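Trainee: Take a look and give me a structure for this.
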Amino acid sequence: MTTVAFLGLGAIGTPMARHLVAPEFSLAVWNRTASKAAAFAAEHKVRHAATPADAARGADVVITCLPTSHDVAALLDGPDGLLAGMAKGTVLVDCTSGDPATSRQIAARLASKGIAFLDAPVSGGVAGAEIGTLTVQVGGDEAVLARVLPVIDAFGEKIVHCGPVGSAHALKAVNNAMLAVHIWSLAEGMAALTKAGVKPSVALDVINASSGRSNTSMNLFGQRALTRAWPRTFRLALLDKDIGIAAQVAREQKVPSPLIQLTAELFAAAHRELGEEADHVEAAKIVERQAGVEIKG
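Mentor: Purely as a prediction, here's the structure:
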């Protein structure tokens, strides 16, 4: 039986952890809001850890799923930190949508103590986490990935080794930057078409049958902008963070990236205006306000 510690029971982390409630795993959970971890543990009859160190003690695999890489780094130190609980030979699998530079720093610290690190951000959203069909991008040693593959396989359907530590976090950030580009460009196009007299539903129908279609046009915009329902499944604040990471990666690699850099600025401004709880597609509201039109119906 593999002993697993799962830290971070947010919107994605909670359903991921549920897939580890299985006979082949002994699971401990920890969350910054302790009551959430206590409720999860009581419901699923797993161990509620009082501290990160307590969660990691005796674990073969430690999984973190937090908002940022800095949140993961902050859990390492102190008498209650992960390093106080993880033993030599433990593997830390970081499912945070984090940044490559911090991941490499964490990996180096852990390696000095004989602890392996994989950056393993996930794609597929809450829906994918619920049914266990996430795409898991993994950076780090392939042999280490092979050791923990049965654990990742519990919540991931497509598991892809991307390269060295940090590569998966870079890939996830760039992917999300492309999502942001799609949201903003579609909002601009739909606003222009609406003002030109094209009914939004007609415009979207044509786009989705043509070369301009994307996941955003096919699965997000119609269900949110056109209906004005705006379900909150992925916070704009987190997408803003991811685009910023992608922009930094491009700068570090000395790749000209005017579109990604501009998109990062646009979403940072949208985040400031719409606040911490807005959904990522609600960035379209900024385009609507600037254009003086509402894209609906």
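Trainee: And the strands in this structure, which stretches?
Mentor: Counting by DSSP state E, the chain has strands at residues 2-7, 25-30, 47-48, 61-64, 91-94, 116-119, 122-123, 134-139, 156-163.
Trainee: Make TSV from those strands and add mean neighbour count, mean pLDDT and distance to Leu82 to it.
Mentor: Yep, even glycine has a C-beta here, placed from its N, CA and C like the rest. Listed next are the strands of the chain as TSV, based on neighbours: other CB atoms under 10 Å; pLDDT from 0 to 100; distance: least, CB to CB, whole Å:
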stretch	mean neighbour count	mean pLDDT	distance to Leu82
strand 2-7	25	98	8
strand 25-30	23	98	10
strand 47-48	18	98	16
strand 61-64	26	98	7
strand 91-94	26	98	7
strand 116-119	27	98	11
strand 122-123	21	94	20
strand 134-139	25	97	19
strand 156-163	16	97	22
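Trainee: need the longest helix for the chain.
Mentor: For the chain, the helix with the greatest residue count under DSSP state H is helix 167-195.
Trainee: tell me the mean pLDDT over that one?
Mentor: For helix 167-195, mean pLDDT is 97.
Trainee: Can you spell out which helices and strands pack onto it?
Mentor: Contact analysis of helix 167-195 by 3 or more CB pairs under 8 Å, 6 or more residues apart in numbering; DSSP states H and E lists helix 100-111, strand 116-119, strand 134-139, helix 200-208, helix 221-224, helix 236-252, helix 258-274, helix 284-291 as its packing neighbours.
Trainee: Name the residues of it that are buried.
Mentor: For helix 167-195, burial by neighbour count (16 or more other CB atoms under 10 Å) applies to 167-187, 189-191, 193-194.
Trainee: Check the helices and strands packed on helix 167-195 for me and report the most buried one.
Mentor: strand 116-119 (a mean of 27; mean count of other CB atoms under 10 Å).
Trainee: Report the residue ranges of every domain in the chain.
Mentor: 2-164, 170-291 (automatic domain parsing).
Trainee: Tell me the confidence at Gly125?
Mentor: 85.
Trainee: How about Leu118: which residues does it bridge to?
Mentor: Beta-bridge partners recorded for Leu118 (DSSP bridges): Val93.
Trainee: and Lys88, how far is that from Ile131?
Mentor: 36 Å (CB to CB, to the nearest Å).
Trainee: Have a look at the two and say which one is more surrounded.
Mentor: Ile131 (12 against 8; other CB atoms under 10 Å).
Trainee: one step back: export the domains of the chain to TSV and tack on distance to Gly297?
Mentor: Shown next, in TSV, are those (distance: least, CB to CB, whole Å):
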stretch	distance to Gly297
domain 2-164	25
domain 170-291	6
